[in-house]
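A.B. asks: Following is a predicted model, sequence given first.
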Amino acid sequence: VGPKSAAFDVLEKRSTQTVGQVQQLAGKDRPDEETVGFWVAKTTALLCHLAVVAGLVMIGAMHFQSTTSGMAAATLYLLLPYTARYIGQADHVLPAALVVWAVYCYRRPTLSGALLGVAAGSFFFPALIAPVWLSFYRQNGARRFLVSFVLAATASLTIAGLFLWWSDQLAETLKLTFSLTDWQPWKRSNLPSIWQGVHAAYRLPIFILHLAFVIATVFWPSPKNLSHLISLSAAVLIGIQFWYADQGGVYVLWYLPLLVLMIFRPNLSDRFPPPLSSVPPWPIRLFRRLLEWVLRRIQPPEPAQTV
């Protein structure tokens, strides 16, 4: 359901070809490419779902101080019909898994920013919750989060571009992406949804309202705790469904893990970003040690004192 990320599609095809070549080298008959592609896609999706389940359990155990709540959240996630209906859609659940683990790592802005950056570089919607996270780290860690987010998103887009260029699909994919009307509310959409054939003048105001909501989350509430972060991130992702013109809001897996966390979360009013540490981050410490080592090597020896 819905268009896949072009880079993700190319990656699946390359994985399918690799599996077939490995089996052929092992002395087995090369299997049908469609069959191998099916199992590669389903295995990837299953691993992503397991990552979501593990993330929900870990968040319950570590941040909710209740392993029971984490297990209950994971169980509810698995029991909901949408998880079973689209269990093979890896492009739906992969970014959700990255967002869940970013929530788990919220006390480390650099790691959370990197996870969200990879998700945003692969699929567009995690980029819309970046303002909420940046506001969450406004007091402590905003710079580290922003730098790691931008670097990870750039690296993800670069790798995707290299995959597409290697497959001679880069120009075609860029042309297709900019011609799609599902994410461009100022264009009339012909995709199957409530917006099919409807003039863009009706969809554009909803997009503007959603954009205004995203901007408002940057300033209110302030300061934000972990409960605000989870709730506002889920609200932003739910809001996309109202103007995204593809299949009429079926991308439930985008926000489902966060919605489940909202149901089972306790009072998280004391969960804030970690305070600033007097010890600089390890990259800065490593750079300083390397610089000191270089300076010791290039400095001329002091002249010997005569007695």
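C.D. replies: That came through fine. Residues are numbered from 1 along each chain as shown.

A.B. asks: quick one: buried residues of whatever helix or strand Leu164 lives in?
C.D. replies: Using DSSP states H and E, Leu164 sits within helix 142-166. By neighbour count on 16 or more other Cβ atoms under 10 Å, the buried set for helix 142-166 is Ala142, Arg144, Phe145, Leu146, Ser148, Phe149, Ala152, Ala153, Ser156, Ala160, Phe163, Leu164. Placement of C-beta: from N, CA and C, glycine included.

A.B. asks: helix or strand right after it?
C.D. replies: Later in the chain than helix 142-166, the nearest helix or strand by DSSP H and E is helix 170-179.

A.B. asks: tell me the mean pLDDT over that following helix?
C.D. replies: Across helix 170-179, the average pLDDT comes to 74.

A.B. asks: got the CA positions of the helix or strand just after it in CSV?
C.D. replies: Using DSSP H and E, the helix or strand that follows helix 170-179 in sequence is helix 200-219. Extracted C-alpha coordinates of helix 200-219, given in CSV (Å, rounded to 0.1, in the frame of the first residue of the first chain):
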residue,chain,number,x,y,z
ALA,A,200,-6.1,21.7,-4.5
ALA,A,201,-7.8,24.8,-2.9
TYR,A,202,-9.6,22.4,-0.5
ARG,A,203,-6.6,20.4,0.6
LEU,A,204,-4.1,23.3,0.8
PRO,A,205,-5.8,25.0,3.9
ILE,A,206,-5.6,21.7,5.8
PHE,A,207,-1.9,21.4,5.0
ILE,A,208,-1.4,25.0,6.2
LEU,A,209,-3.2,24.3,9.4
HIS,A,210,-1.1,21.2,10.0
LEU,A,211,2.1,23.2,9.3
ALA,A,212,0.9,25.9,11.7
PHE,A,213,0.4,23.2,14.3
VAL,A,214,3.9,21.9,13.8
ILE,A,215,5.3,25.4,14.2
ALA,A,216,3.2,25.9,17.4
THR,A,217,4.7,22.8,19.0
VAL,A,218,8.1,24.5,18.9
PHE,A,219,6.9,27.2,21.3
